[in-house]
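Asker: Sequence and predicted structure are below.
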Amino acid sequence: MVGILVLGDNHFIVRGPLPDRETALALAQHWSLIQIDQKTPVALQRWSICTREFRENLAWAVVVPGDGEIAPAVAQLLEELLARGITVHDSWVGDW
């Protein structure tokens, strides 16, 4: 599966299953802090960042707290996903 993890004004296209709230927050934190020789924790190894993917292949979406506002292009993509019937999970709301 492929989805989008939105973190404020940043986002990641992610290969892996829909993460739960705790995992989504951990992924966002892990990928937002770049460290040399950083090892991915075992609990997060089911997910990886994709560098290319068709928007039609996105099967899930998660929004977690971050700096800045969601970019207009990402907001449009989230709207498209909603129109396709895909739930956009929001960690602020804790809807999953």
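Answerer: Alright, I've got the coordinates.
Asker: Contacts for stretch 36-54 next, please.
Answerer: For stretch 36-54, contacts defined as C-beta atoms under 8 Å, 6 or more residues apart in numbering pick out 2, 12-17, 19, 23, 26-27, 30-31. Quick note: C-beta positions are derived from backbone N, CA and C, even for glycine.
Asker: residue contacts, residue 11?
Answerer: 4-5, 71, 74.
Asker: what do you get for residue 9?
Answerer: Shown in contact with residue 9 (C-beta under 8 Å, 6+ apart): 66-71.
Asker: Can you give me the pLDDT of it?
Answerer: pLDDT for residue 9: 91.
Asker: now the end-to-end length of stretch 64-71.
Answerer: Start to finish, the residues bounding stretch 64-71 are 14 Å apart (C-alpha to C-alpha, to the nearest Å).
Asker: Only the buried residues of that stretch, if you could.
Answerer: Residues 64, 66, 70 are the ones in stretch 64-71 that count as buried (16 or more other C-beta atoms under 10 Å).
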